[in-house]
Structure formats: structure tokens, C-alpha cells
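**Q** here is my input; please provide its structure:
(one chain, ligands or ions: 1)
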Amino acid sequence: MRAQRTARPADLDQVRESYDRVADNYVHMVLTTGIGDIRRDPWLKASIDAFADSVGELGPVLDVGCGPGTVTGYLAERGLEVSGVDLSPRMVENARRLYPECRFEVASATELDLADASLGGVLGWWSLFNLPRDVLPGVLASFVRALRPGGYFLTGTHVGDGDLARTEAYGGVPVRWTTYRWRPEPYVALIERAGLRPVAELRLPAGEHTGPGLVVMARKPD
Ligand SMILES: C[S@@+](CC[C@H](N)C(=O)[O-])C[C@H]1O[C@@H](n2cnc3c(N)ncnc32)[C@H](O)[C@@H]1O
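**A** Prediction:
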């Protein structure tokens with residue numbers, strides 16, 4: 001094992017407290033409306049399936065920013081060796097309750113202790129958009145070090161221009177976090193600069209309940 005600490009975002013505690021506050025509403029939304037449930041969205045499900053098929057038996061998968069474990073649980077059902085990690089203790093409590101067969105830990109993406117070349121896949125599924133623009137490259141680099149050669153990274157994120165200061169979310173719950181929106185080209189370029197080769201990009205227009213999104217899958221060279 002080696003420490004792979006990157007710069008600590010100045011607002012990390014605020015972000016954690018905010019997700020703790022919205023966690024129960026977030027779970028309720030996923031379970032009752034299907035928003036955020038990849039099983040209910042054919043394109044998101046296809047992305048996760050493509051990731052799962054590609055990782056196969058390359059090695060364990062880590063779902064970083066797993067929230068209540070929706071994707072972690074789905075990948076486990078598909079037979080992958082997968083665990084989840086999230087900044088918010090309340091999200092992790094929900095994940096453990098909903099998917100008791102999976103292992104979940106509380107930690108920030110910026111403070112993961114991952115062994116080099118230990119993972120077949122890493123997910124940053126709508127969970128890296130709170131990382132400041134100067135912090136994200138270090139986090140991506142830590143993922144690349146943790147991936148085995150040929151391993152896969154799958155990410156989904158919000159598309160747009162500039163930074164959005166959120167003051168409420170998921171049913172009017174007060175929060176304090178910044179959503180760093182990315183244009184697709186610079187986001188993909190960042191992933192390439194971290195040392196990965198893009199495999200696929202999926203652009204999602206804004207929907208009834210969600211803004212525009214981007215899914216990128218990338219592979220660590222052999
Ligand atoms: C929109 S939710 C998505 C959760 C999950 N990936 C899903 O698709 O349901 C964003 C998640 O990212 C987590 N998160 C935010 N910043 C994080 C960080 N620095 N490290 C780990 N998780 C983080 C939040 O706690 C929250 O659970």
C-alpha cells in the first residue's frame with residue numbers, strides 16, 4: 001500500500017456535511033423516482049454494462065463517490081468484485097443498508113490509500129464534479145497509479161460552463177458545494193493527460209430532471 005494523498009479541497013468538510021444532509025432525500029429520490037438509478041436509464045446502464053464487460057476479471061473495481069451504492073450493488077450483482085467509498089458517512093450508512101453484500105468505506109477521493117496496480121477498474125460516477133479544477137488532476141493521477149495495465153476508468157459528470165455555487169439540493173435541503181461543470185473536450189483532455197486512453201464518450205442532453213451530462217470511459221495502456 002502507498003499513500004496517494006492529493007491536495008485537500010478547502011471546502012471538503014462543507015461538502016461532506018452537505019451530502020450528509022441530503023443523503024436520505026437522495027436515496028428516496030433514487031428509490032421512488034428512478035432518477036439516478038442506472039437500471040432505469042438505458043444509456044447509463046449501457047455505459048456501466050460496457051465498463052463491466054471490459055473490466056471482466058482484470059481485477060477489483062472501486063466505486064469512488066459511490067453515494068448509496070446503486071452502481072456498486074449493480075456491479076456486484078453482475079459478478080464483479082467491487083467496493084465503494086464515499087466522503088459522506090450518511091451516504092455510506094445507506095449504502096451498507098441497501099447493499100449489505102458489498103463493502104463500503106468512508107473516505108475522500110483525495111485521501112485514498114490505494115496500492116499501485118491493484119484495481120481492474122475505477123468509477124467516478126457523477127462524484128468528481130465537486131473537486132476543484134486544480135485538485136482533479138491529482139485525483140485522476142492517483143486512479144491511474146492504482147489501475148492495473150489495461151484497467152478501465154469510467155466517469156460521468158455535469159457538462160456546462162463555469163462553476164455553480166449550490167445552496168440547496170434534492171428537495172430544498174440547504175447545501176454548500178460547488179459544481180464544477182466541464183466542457184467535454186477539456187474534461188477528456190484532462191483524463192488523457194493523467195495517462196489514460198479514451199475508449200468512448202457519450203454526450204447526454206439535458207433531460208426533464210437533469211442537466212447535460214458526459215460519460216467517458218478510458219483505459220490505462222498495457
Ligand atoms: C450525486 S452523488 C452520486 C452518488 C453515486 N455515484 C450515484 O451515482 O448514485 C455525488 C456523491 O459524491 C460524493 N462525493 C463528493 N465529493 C467527494 C469526495 N471528495 N470524495 C468522495 N466522494 C465524494 C458525495 O458524498 C455523493 O455521495
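
**Q** all helices for this structure, in order.
**A** 12-33, 42-55, 70-77, 89-98, 136-146, 184-193 (DSSP state H).

**Q** does the fourth one reach the ligand?
**A** Read that as helix 89-98. Yes: part of helix 89-98 sits near the ligand under the criterion Cβ under 6 Å from any ligand atom, namely residue 91. For the C-beta atoms, the positions are set from N, CA and C on the backbone; glycine is no exception.

**Q** which of the helices of the chain sits most buried?
**A** Ranked by mean neighbour count under mean count of other Cβ atoms under 10 Å, these are led by helix 70-77, which reaches a mean of 23.

**Q** tell me the strands beside the top strand by length along the chain, with direction?
**A** If you go by DSSP state E, the chain has its longest strand at strand 147-158. When pairs are called by DSSP bridges, strand 147-158 turns out to pair with strand 119-125 (parallel), strand 213-219 (antiparallel).

**Q** touching the ligand at all, the first one?
**A** Put plainly, it is strand 119-125. Yes: contact of strand 119-125 with the ligand (Cβ under 6 Å from any ligand atom) involves residue 125.

**Q** and the helices of the chain as TSV, adding mean pLDDT?
**A** Listed next are the helices of the chain as TSV, based on pLDDT from 0 to 100:
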stretch	mean pLDDT
helix 12-33	97
helix 42-55	98
helix 70-77	98
helix 89-98	98
helix 136-146	98
helix 184-193	98
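
**Q** contacting residues for the residue in the chain that the ligand sits nearest to?
**A** Ranked by Cβ to the nearest ligand atom, the top residue of the chain for proximity to the ligand is residue 67, at 2.5 Å. Applying Cβ atoms under 8 Å, 6 or more residues apart in numbering to residue 67 gives the contacts 23, 26, 36, 86, 88, 91, 94-95, 127.

**Q** how about 7 Å then?
**A** 26, 86, 91, 127 (Cβ atoms under 7 Å, 6 or more residues apart in numbering).

**Q** all good on my end, thank you.
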